[in-house]
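Peer 1: Kindly generate the corresponding structure for this input.
(chains A and B)
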2 protein chains.
Amino acid sequence: MKKINLGLLGFGTIGSGVLRVLRKKAALLENKLGLRISLKRVCEVNPVLVKKLRSKKVDVCNNADRILEDPQIDIVIELIGGIHPAKEYILKALRNKKHVVTANKALLAEEGEDIFKTAKENGVDVYFEASVGGGIPIIRSLREGLIANKIESIYGIINGTSNYILTRMSESGCDFKSALKEAQKRGYAEKNPHFDISGIDCAHKIAILARICFNQAVKFKDIYIEGINDIELSDLNYAQEFGFCIKLLAIAKKAKDGLQIRVHPCLVPKGHVLANVRSVYNAVFIKADLIGKALLQGEGAGQLPTASAVVGDVISISQKIGLESQMDFLKIKGSNLSKKILSMDQLNTRYYFRFTALDKPEVLSKISRILGKFKISIYSVIQKGRRQSQAVPIVMMTHEAREKDICKALAQINKLSFIKKKTVAIRVEGI
Amino acid sequence: MKKINLGLLGFGTIGSGVLRVLRKKAALLENKLGLRISLKRVCEVNPVLVKKLRSKKVDVCNNADRILEDPQIDIVIELIGGIHPAKEYILKALRNKKHVVTANKALLAEEGEDIFKTAKENGVDVYFEASVGGGIPIIRSLREGLIANKIESIYGIINGTSNYILTRMSESGCDFKSALKEAQKRGYAEKNPHFDISGIDCAHKIAILARICFNQAVKFKDIYIEGINDIELSDLNYAQEFGFCIKLLAIAKKAKDGLQIRVHPCLVPKGHVLANVRSVYNAVFIKADLIGKALLQGEGAGQLPTASAVVGDVISISQKIGLESQMDFLKIKGSNLSKKILSMDQLNTRYYFRFTALDKPEVLSKISRILGKFKISIYSVIQKGRRQSQAVPIVMMTHEAREKDICKALAQINKLSFIKKKTVAIRVEGI
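Peer 2: This next block holds a predicted model:
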C-alpha cells in the first residue's frame, strides 16, 4: 500500500484536531482510499504543546527545515497562521516540490500571488479549503463541482463572531456590547475581536473566494471593508419593521465594468435564505449561469469542522499522488452489507394524526383509550367547530412512540364506527 | 494538449444541455484545465433529434456499439434513463475500460451493485453527480470534501415536484389537485407525476446517497416509501398551528442496530433550515461527526443545473486521465488582472439611514432637500415619538441611488446643526 507522509507546521487547536482526525480515521481512510496517510513530523516550539506531542508519540522538531527539507515528506500542512514566517515556509515547501495544505486566509488573501505562482512553477498544488467556511466544502465546490459555471455573484456570511452578535442582538434585544461579551464567554469571539467585527476576516475570505470565482488575482487593498461596530439595536429593530434583517455580508459580484468586492453590513429581506443563517453558522450563496442559485451552509469554524477540511484536502492530494489507487476510490463493499436496514416498525418518533370522526361525545375518550393501550401519549389536541352527527376533524400531536404501536393503534381506531375516513398520520421528524 | 473524447448516449433535454455547455465553455475549460474535451459521437434514434444533431454538425449513430466499442472514446455519458438498455450499455462501456458519467438514478438505486462492481473490476470509475440534486454538488461533497467524516444522518428535500406542490398548498391555500395542475402547467411536474409524488423518485435518490454516506449497498426494496398523495390542505394548516410545516423528506440515518432509510411526509419545525426550502428547490441537510450540521441547497433539476453536474463529472475524470495537466489545475492568471475591481463610488443600491436629529419642524424638509439635490429619492420614513428639542431617530429607506451621491449627501447632512450624531447608513442588498 502506498504511503503518503505529512509534515505539520503548528500544533495549535486546528493542528491537534488534525492529528486526532488522522489517527481516529486511519483505518477508515486506508479502506476507502487504498493509501496509508501518516503524520511523520510536527514542528512546534511551545513547550506545553511539545510535551503534549511527545506524550502522543509524535516526532517533534523545532526547526521547520526538518519538515521542509525532508525528501520523504509529500505534503506540508501549514497551521501557524499570520504572514511571517508562514509565507517563507510555504514557499520553501513548494520549491522542494511538496504540496501544501493551509488554513491561512490572511496569507492567501494578502500574498496569494507569490504562493500560487510558486506552486505552478514547481508543478505542485496548494489546497486551502479550511481557509473559508470551516467544514463547508465551498472551495472544492467552486473549483470542481461548479467548474463549468460562470459565477455571477457570491454572497457570504463568513464570520461566525459577527453573525452571532447580530443574531443575539436581534433575537434577544441586547446591545452590541453585551452580545459581544456573550460571544466571548461562549468562545465565539476572541479577547481582541477586532479582526472579526471590523470585517477584515471576511475581507480575507472574500478575496480568496473572488480569486476562484473569477479566476484572477485580487489585490487586498482594493476591497471595501466595513464592520458591524456601528450597528445599534435600534437599527435591527427598524430594519425589522421594513421587513429586513441585518447581516454582515462579504460580496463578490460581476458588474458591467468590473468586479465589486466588498464587505459591509447589509439589509437582507427576511424571506431570503441568508436571513435564516443564524448564530455562528456560515453560509455562501452563489448565483451562476448554469446552476442558478445555490446555498452552502454549515459551521464555519471550530476545531473539528476545520480539521475536516484540512484532512479532506490532504486526501485529495494523496489521491493525486497515488493515482493507481485512485481509481479504486469508489470502494463500495458490494457483497457484505455491514449494517442492516431497519424496518419501519422500530422507528421512534412523534406523530401528527388527523381523525375524521362523527361529532359524538365519546369520540375522544375512545380514541385516547386505544392510544393509551399502546403506550402512545397525547401531547396536544385541536378540535374545532361542532357539527352534530357530521364528520369533523380531530387533530392530535403525540409524544414519541413506536411506529409498530402506532400502526396497531390506528388499525383499531380506523375500525371504530364513528371514524368516517382512514386516519391521516404524519411523522414529526426530530432533525 | 491532451484530448479527451466523449461519447453521449441519448440526446434528450439533458443531453442537449450537455452539448450546449461543452461547446459554449470549450475555451474556458481548455484554459482552466489544459485539456481539450471534445464530444466525438452521439447515439440517438429519434429522427427529430438526429436531425437537430446533424444541423449542429455532430457525428450521430443509431447503434450504441459505435460508441461503446470505439477505442478513441475515453468517457461515455449515459443519459437514456430507465433500466434497460442503459444498464447493458454502461456495463459494456466499463468492460471496455471506459469511464462512465450518468444521471440515471433509477438504475443506480436498483442495479447499482452490478455497475460499481464492474467498474472496480475494470479499473475505471462511475460518476453520477447529476443523479441527485441537479446542480448541487452533493455527491462530490460527500465523497471528497467530507470524506474524513462519519455521516450520522442525511435529510433530503430531493423531489422538486413534491416540494413545489406542498409549498403552493401552504402558501396559497389551494388543494393538492390544483397545486399539481399548476406544477404541470409550469413544467415542474410531468403529465404522469406518479414517480414524483409517490416518493419513488426520492427513494431512488436516497438509496444513492445512503450508499455513499454509509459506504455500503442498499437494497431498494428495503426502503420505506410514502408519497404526498394523502396530504390535504387542512393538514398543512393544522401543522402550521403547531408550529410546523410539512415536507416530503428522504432520510438515511444511523440508528442503534442499523440504518433507517425512508421517504415520507414529515412535520418539520418552522424555524429549521429545511422548512425554508421552498418551491422547486432541493436541499440536503447533513449531520456528521466532524463538521456538525451542514446544508446544501439549490435547483435540483432542469436542463442547465443537471448539465452542469454532468460536465463537472466529465472534467473530474478528464483530470484523472490527463494527470500531468492536473497539477496545473489552479491556473490563476497571476499577472494580468482581467477585470478591474470597482470602486464603491459606482455601487448602485438602496439604503437605510438612521439620522439622529433634534426634534424640530424643519428637519425632514432640510434632509430631503439635500437628498433630492443628489437625486436620492425616499421610499419610506419612520419617525416615532416626539421629544421637543431633544435628539430623536429618523429612519429612512431610499430607492436605488449611487454610493458616490450618498456619500456626498450624507457629508452635507451630517454638517446640519440639528444633526446630533453621525448618520448610520446601511446598504440594502438586492440578492
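
Peer 1: where does the stretch 101-250 of chain A have low pLDDT?
Peer 2: Residues of the stretch 101-250 of chain A meeting the criterion pLDDT under 70: none.

Peer 1: swap the cut-off to 90 and go again
Peer 2: A:120, A:123, A:134-135, A:144, A:147, A:214-219, A:229-230, A:238-239, A:241-243 (pLDDT under 90).

Peer 1: for it, what spans make up the helices?
Peer 2: All helices of the stretch 101-250 of chain A, identified by DSSP state H, counting those that start in this stretch, fall at A:105-121, A:138-140, A:160-172, A:176-185, A:194-197, A:200-214, A:233-241.

Peer 1: nearest to B:Lys92, of these?
Peer 2: For the helices of the stretch 101-250 of chain A, distance to B:Lys92 was read as Cβ to Cβ. The smallest value, 32.1 Å, belongs to helix A:138-140. For glycine as for every other residue, the C-beta is placed from the backbone atoms N, C-alpha and C.

Peer 1: Who are the packing partners of that closest one?
Peer 2: Identification of packing neighbours for helix A:138-140 by 3 or more Cβ pairs under 8 Å, 6 or more residues apart in numbering or on different chains; DSSP states H and E yields helix A:200-214.

Peer 1: Tell me which residues are up against the helix it packs on.
Peer 2: Here helix A:200-214 makes contact (Cβ atoms under 8 Å, 6 or more residues apart in numbering or on different chains) with A:105-106, A:108-110, A:112, A:128, A:131-133, A:138-139, A:142-143, A:151, A:154, A:156, A:158-159, A:161-162, A:194-195, A:217-218, A:220, A:223, A:225, A:227, A:248, A:250-252, A:254, A:259, A:261, A:263, A:284, B:332, B:339.

Peer 1: Narrow the residues you listed to just the buried residues.
Peer 2: A:105-106, A:108-110, A:112, A:128, A:131-133, A:138-139, A:142-143, A:151, A:154, A:156, A:158-159, A:161-162, A:195, A:217-218, A:220, A:223, A:225, A:227, A:248, A:250-252, A:254, A:259, A:261, A:263, A:284, B:332 (16 or more other Cβ atoms under 10 Å in any protein chain shown).

Peer 1: picking up where we left off before, could the helices of the stretch 101-250 of chain A go into a markdown table alongside distance to B:Glu44?
Peer 2: Formatted as a markdown table, the helices of the stretch 101-250 of chain A follow (distance: least, Cβ to Cβ, whole Å):
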| stretch | distance to B:Glu44 |
| --- | --- |
| helix A:105-121 | 41 |
| helix A:138-140 | 34 |
| helix A:160-172 | 50 |
| helix A:176-185 | 59 |
| helix A:194-197 | 55 |
| helix A:200-214 | 35 |
| helix A:233-241 | 54 |
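
Peer 1: quick one: secondary structure of the residue positioned nearest the centre of chain A?
Peer 2: Ranked by distance to the mean C-alpha position of chain A (Cα atoms, centre = their mean), the top residue is A:Gly298 at 2.5 Å. Here A:Gly298 is recorded as strand under DSSP: H, G, I helix; E, B strand; the rest coil.

Peer 1: List the contacts of it.
Peer 2: By Cβ under 8 Å, 6+ apart, the contact list for A:Gly298 reads A:133-136, A:281-283, A:305, B:291-295.

Peer 1: Next: A:Leu347.
Peer 2: Applying Cβ under 8 Å, 6+ apart, the residues near A:Leu347 are A:402-403, A:427, B:260, B:262.

Peer 1: do stretch A:274-285 and chain B meet at all?
Peer 2: Yes: using Cβ under 8 Å from any Cβ of the partner chain, stretch A:274-285 comes into contact with chain B via A:274, A:276, A:283, A:285.

Peer 1: ranking those residues by neighbours, who comes first?
Peer 2: Each of the residues of stretch A:274-285 next to chain B was scored for neighbours by other Cβ atoms under 10 Å in any protein chain shown, and A:Ala283 scores highest at 27 neighbours.

Peer 1: Show the contacting residues for that residue.
Peer 2: A:136, A:156-157, A:273-274, A:277, A:295-298, B:295.
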